[in-house]
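> Generate a structure from the sequence data that follows.
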Amino acid sequence: MKKYILLYTVIIAWFSVQVFKFLADAIIHRKFNFKRLVETGGMPSSHSAVVTSLMTLIALNYGIDSPYFVISFVFGIIVMYDAAGVRRAAGKQAGILNQLIYSNQVQVDTNEKLKELLGHTPFEVLVGAIWGIALAFLLNNF
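Reported below is the predicted structural model:
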């Protein structure tokens, strides 16, 4: 395996997904929102793309019976579960709290709206995972 391929691939996986989300958002809203380059949530999941690209490269270069793959697999499952489960639930809760706060039903001293786009749908996680795997296969030969 070439030196630094793991690092380069996960960086490319993250960057490519974030750029895609930025461009998709710019097309939909007809304006540039540079925060989308670093924000969480949305289609596809950059978290999934990063961890699956890492898992795939480790599997291709060290085998699925290596301890490196086992560690990356467990890490990847936790990250993807968190993205689709815990962070998504937190985003839904933020949405409900924002509705309560801005409906004047609850008195809260805040000028800041809670961020609602935190996690991912299972489909967004799946698409991110597919992108990460495909990218790893593509870059493994370089």
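
> From the contact counts, what lies against the top helix by length along the chain?
Criterion DSSP state H: the longest helix present in the chain is helix 5-29. Applying 3 or more Cβ pairs under 8 Å, 6 or more residues apart in numbering; DSSP states H and E, we find helix 5-29 packed against helix 46-62, helix 122-140. From N, CA and C alone the C-beta is placed, and that goes for glycine too.

> in the last one, what counts as buried?
So that's helix 122-140. Within helix 122-140, the residues scored as buried using 16 or more other Cβ atoms under 10 Å are 124-129, 131-133, 135-136, 139-140.

> and if you look at stretch 67-83?
So, applying 16+ other Cβ under 10 Å, buried residues of stretch 67-83: 68-69, 72-73, 76, 79-80, 83.

> In helices, which of these fall?
Among those, DSSP H puts 68-69, 72-73, 76, 79-80, 83 in helices.

> will you turn those residues into JSON lines that also has pLDDT and distance to Lys35?
Shown next, in JSON lines, are those (pLDDT from 0 to 100; distance: Cβ to Cβ, whole Å):
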{"residue": "Tyr68", "pLDDT": "95", "distance to Lys35": "35"}
{"residue": "Phe69", "pLDDT": "97", "distance to Lys35": "35"}
{"residue": "Ser72", "pLDDT": "96", "distance to Lys35": "30"}
{"residue": "Phe73", "pLDDT": "97", "distance to Lys35": "32"}
{"residue": "Gly76", "pLDDT": "95", "distance to Lys35": "26"}
{"residue": "Val79", "pLDDT": "91", "distance to Lys35": "22"}
{"residue": "Met80", "pLDDT": "89", "distance to Lys35": "23"}
{"residue": "Ala83", "pLDDT": "81", "distance to Lys35": "19"}
